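[1] sharing a model that was predicted from the sequence below.
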Amino acid sequence: MVTAEPVPTPVIEPEIDFVPLNPKSPDPVARLKELMRERQDESLKILSGWIEKREDAV
């Protein structure tokens, strides 16, 4: 009897850099606000896509 070996699952690493741009400001809230400002356009595209998919399903 031949047993199949499990196929390894590839490791997917996120493309998000969590290293603070300004190490003098270690405030996590300020960092989050900065990230939200930087990625506002990307976030709007993602959220719009989710809303459109949900409306199409209804």
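    Done, it's in.

[2] quick one: contacts of the one helix or strand residue 50 maps to?
    Element membership for residue 50 (DSSP states H and E) is helix 40-57. For helix 40-57, contacts defined as Cβ atoms under 8 Å, 6 or more residues apart in numbering pick out residue 36. For the C-beta atoms, the positions are set from N, CA and C on the backbone; glycine is no exception.

[3] swap the cut-off to 10 Å and go again
    35-36, 39 (Cβ atoms under 10 Å, 6 or more residues apart in numbering).

[4] using CSV, write out every CA atom in it.
    This file holds the C-alpha atoms of helix 40-57, laid out as CSV (Å, rounded to 0.1, in the frame of the first residue of the first chain):
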residue,chain,number,x,y,z
GLN,A,40,-7.5,55.7,2.7
ASP,A,41,-7.9,55.2,-1.1
GLU,A,42,-7.1,51.5,-0.9
SER,A,43,-9.5,51.1,2.0
LEU,A,44,-12.3,52.8,0.1
LYS,A,45,-11.8,50.5,-2.9
ILE,A,46,-12.0,47.4,-0.7
LEU,A,47,-15.0,48.6,1.3
SER,A,48,-16.8,49.6,-1.9
GLY,A,49,-16.2,46.2,-3.4
TRP,A,50,-17.7,44.5,-0.3
ILE,A,51,-20.8,46.7,-0.4
GLU,A,52,-21.3,46.1,-4.1
LYS,A,53,-21.0,42.3,-3.7
ARG,A,54,-23.5,42.3,-0.8
GLU,A,55,-26.0,44.4,-2.7
ASP,A,56,-25.7,42.0,-5.7
ALA,A,57,-26.5,39.1,-3.4
